[in-house]
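Student: Turn this into a structure:
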Amino acid sequence: MRAFRKVFDFFLFSSLYIAVCALLMIIQTYQMVIHQAVSTRLLVFVFFSTMCSYNFHWYLTQTSLNRSIRIQWTHHHKGWHLLLTIVSMVGAGISFITLSQYWLAMLFGAFVTFLYSAPKLPHPFFKELKRIAIGKTLFLAFVWMYVTTLLPVVVAGAGWGSELVLYALGRFFLIYAICILFDYRDRQDDKHDGIKSLVTLLGEKGINLLFTSSLLLFALTTTLLFRKHFAWFPLTIQLLPGVITGALYPYAKRNFSDYLYYFVLDGLMMFSGLLMLVCRI
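Tutor: Next up, the predicted model:
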């Protein structure tokens, strides 16, 4: 049991899990709106890029006011974070070459991803970003939506119709709702570090309204896809993560378990994609 726990912790806290989530979300985008064979080159690039970004972010993370298993794991495995950052950077660089014709779209994704972790760098210029990062949760949700939805469309050369807009907005609002919970959990750390966000500025009622509004917009944009001749079964599956996120909201505001947040809540981003893959819709 102890050996399993160590393996599971490594899979979760080394960011392998979140990288797999990103791949499943891209595969779902191909299934839902692109309708082409999935680009293996893109999957490889996104896998290494996600591993590089997240391990770099956690390598720079020093402290937390919350008692966090992940923070403790990070402190004891700094070497792993550094090694995985370097290896993944090399992997991302090599796979970037295979997709070089899309360099502008890919560099844009890499740049906005870097900006999320930039305030953690020990330089006055980057530290100043903390003061203006009021929309950091919106920013993170946009990055995830862009990499798993818009970038695959660019690589596939697919059309940019209204169904893509609705699909992308639905994914954005679901991710944003999940990010709100992370910001709620980390609000004391953010205040301590001088990082501004909507969650640190709003009161309890405002946070509840923000979360509810995001989930309602997710449900609305996803439901509108019925009018675009999407089958009811995959769209019903698409709505499930929103239902589960809403049901978990009161519990997640009281229980800040790293396993709940980094396994369950992060996993909800790819949950419908996993179900679709299993069902082979």
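Student: all contacts plus neighbour counts: C-alpha atoms, from now on.
Tutor: Fine.
Student: Centre-most residue in this protein?
Tutor: What sits nearest the mean C-alpha location of the chain, by C-alpha atoms, centre = their mean, is residue 144, with 4.8 Å.
Student: so what's that residue up against?
Tutor: Residue 144 makes contact with 172, 175 under the criterion C-alpha atoms under 8 Å, 6 or more residues apart in numbering.
Student: Next, work out how far apart it and residue 182 are.
Tutor: For residue 144, the distance to residue 182 equals 15 Å [C-alpha to C-alpha, to the nearest Å].
Student: Quick check: most distant residue from the centroid of the chain.
Tutor: Ranking residues of the chain by C-alpha distance from their mean position (C-alpha atoms, centre = their mean) puts residue 1 at the top, at 29.4 Å.
Student: Look up how far residue 7 lies from that residue.
Tutor: On the measure of C-alpha to C-alpha, residue 1 and residue 7 end up 10 Å apart.
Student: joint contacts of these two?
Tutor: Common neighbours of residue 1 and residue 7 (C-alpha under 8 Å, 6+ apart) do not exist.
Student: low pLDDT regions in the stretch 151-281 of the chain?
Tutor: Applying pLDDT under 70 to the stretch 151-281 of the chain flags residues 189-196, 281.
Student: what comes up buried for stretch 49-65?
Tutor: 49-61, 64 (16 or more other C-alpha atoms under 10 Å).
Student: Could you list every helix and strand that the helix or strand where residue 58 lies packs against?
Tutor: Using DSSP states H and E, residue 58 sits in helix 40-60. Counting contacts by 3 or more C-alpha pairs under 8 Å, 6 or more residues apart in numbering; DSSP states H and E, helix 40-60 is packed against helix 16-29, helix 78-98, helix 103-117.
Student: Is it possible to get CSV of those that adds mean pLDDT?
Tutor: Shown next, in CSV, are the helices and strands packed on helix 40-60 (pLDDT from 0 to 100):
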stretch, mean pLDDT
helix 16-29, 96
helix 78-98, 94
helix 103-117, 81
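Student: which one of those helices is the most hemmed in?
Tutor: Mean neighbour count (mean count of other C-alpha atoms under 10 Å) peaks for helix 16-29 among those, with a mean of 22.
Student: what about that one, distance to the chain center?
Tutor: 9 Å (C-alpha atoms, centre = their mean, to the nearest Å).
Student: Would you mark the buried spots in the lengthiest helix in the chain?
Tutor: If you go by DSSP state H, the chain has its longest helix at helix 162-185. Using 16+ other C-alpha under 10 Å as the test for burial, helix 162-185 gives 163-164, 166-185.
Student: ok, and the closest non-adjacent residue to residue 110?
Tutor: residue 49 (7.8 Å; C-alpha to C-alpha, 6 or more residues apart in numbering).
Student: List the contacts of that neighbour.
Tutor: 88-89, 92, 110.
Student: and residue 255, how many neighbours?
Tutor: Per other C-alpha atoms under 10 Å, the neighbour tally for residue 255 reads 12.
Student: Could you look up the SS state of it?
Tutor: Applying DSSP: H, G, I helix; E, B strand; the rest coil to residue 255 yields a three-state assignment of coil.
Student: From residue 241, how far off is it?
Tutor: 19 Å.
Student: before we move on, back to that, now the residue nearest to residue 110: how far from residue 259?
Tutor: Remark: distance between residue 49 and residue 259 (C-alpha to C-alpha) = 23 Å.
Student: And residue 23, by the same measure?
Tutor: Counting by C-alpha to C-alpha, the gap from residue 23 to residue 259 is 20 Å.
Student: ok, now residue 238?
Tutor: To residue 259, residue 238 is 23 Å away according to C-alpha to C-alpha.
Student: what about the two, which has more around it?
Tutor: residue 238 (25 against 15).
Student: Find the residue closest to that one in space, skipping its chain neighbours.
Tutor: residue 272 (5.2 Å).
Student: and the one you found, what element?
Tutor: Using DSSP H and E, the element containing residue 272 is helix 266-279.
Student: Show me what counts as buried in that helix.
Tutor: Buried residues in helix 266-279, counted by 16+ other C-alpha under 10 Å: 266-276.
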